[in-house]
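Student: Mind folding the following:
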Amino acid sequence: MGLLSFLFGKKKGGAVAGLIRSHASGGSVLSLGPAESWSDVPERSYGNWVAVDRSFRDRDVSKQVRTVRQSVDSYVPEQSFSLVIFDKTAPDELPDLLHRFESALAPGGAFIVSLSDSRQARKAWEVLGRRYRTLDETENGDTVTRLLSL
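Tutor: Below you'll find the model as predicted:
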C-alpha cells in the first residue's frame, strides 16, 4: 500500500494524515513517487496538488491533482510547496533528493517521508536526522512515516 493510499484510503493514517490536512490546507502539495495513489487524494481545499511520476497513466488521475509525467530525478519545480511528499523512494536516494527539493519548500514547509524498516532505511533516517528536524512520526506495521523540516 502506498503512503497516499494509507493516508487517504479507507484506512486513515491518523496523525500524519491530520498533519497533511493541516499543513497543506490552502497550501500546495508536491507528491513525488508512484502514480498508483493519486486517485486517493480527497477533494479538499488544497491550493494546488502536483504529482510527479514517470509511470503516469490516465486511470491514476484524480480531479484534484495536476500530474506531471516525468522522472523525479529530472523534475524541476516551478513553484514552492507547503508540503513535499516522498512515496516509495529508495532509502539510499532520500538524503540527496530531500536536499535537492529544499528549494521547493515554501517558508514553514515540510517533507513527508515514509520508509519500510530495513538496514538501509535506518541509515537513511540517521543521515536525515543530521539535517532535518522531525516534527511528527507515525508507524504502520513496519513502515515509519515522518514529517521533517529544516
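Student: Quick check: the gap between Gly141 and Val52.
Tutor: As judged by C-beta to C-beta, to the nearest Å, Gly141 and Val52 stand 26 Å apart. Yep, even glycine has a C-beta here, placed from its N, CA and C like the rest.
Student: Could you check which of the two is surrounded by more residues?
Tutor: Val52 (20 against 9; other C-beta atoms under 10 Å).
Student: you'd agree that one is up against Val29?
Tutor: No: in this structure, Val52 is not within contact of Val29 by C-beta atoms under 8 Å, at 11.4 Å.
Student: residue ranges for the helices of the chain, please.
Tutor: 3-8, 15-24, 94-101, 119-131 (DSSP state H).
Student: Can you list the low-confidence ranges for the protein?
Tutor: Applying pLDDT under 70 to the chain flags residues 1-26, 34-47, 56-64.
Student: So for the longest strand anywhere in the chain, what gets flagged as buried?
Tutor: If you go by DSSP state E, the chain has its longest strand at strand 105-116. Neighbour-count burial for strand 105-116, counted by 16 or more other C-beta atoms under 10 Å, picks out Leu105, Gly109, Ala110, Phe111, Ile112, Val113, Ser114, Leu115.
Student: Lys88: which of those residues is nearest?
Tutor: Ser114 (7.8 Å; C-beta to C-beta).
Student: looking at the sheet around that closest one, what are its partners?
Tutor: In this entry, Ser114 is beta-bridged to Thr145, by DSSP bridges.
Student: Surely Leu32 and Phe81 touch.
Tutor: No: the pair Leu32 and Phe81 fails to qualify as a contact (C-beta under 8 Å) at a distance of 10.3 Å.
Student: Leu94 is in contact with Ser114, correct?
Tutor: No: judged on C-beta under 8 Å, Ser114 makes no contact with Leu94 at a distance of 10.3 Å.
Student: residues shared between the contacts of those two?
Tutor: Jointly contacting Ser114 and Leu94 under the rule C-beta atoms under 8 Å, 6 or more residues apart in numbering are Phe86.
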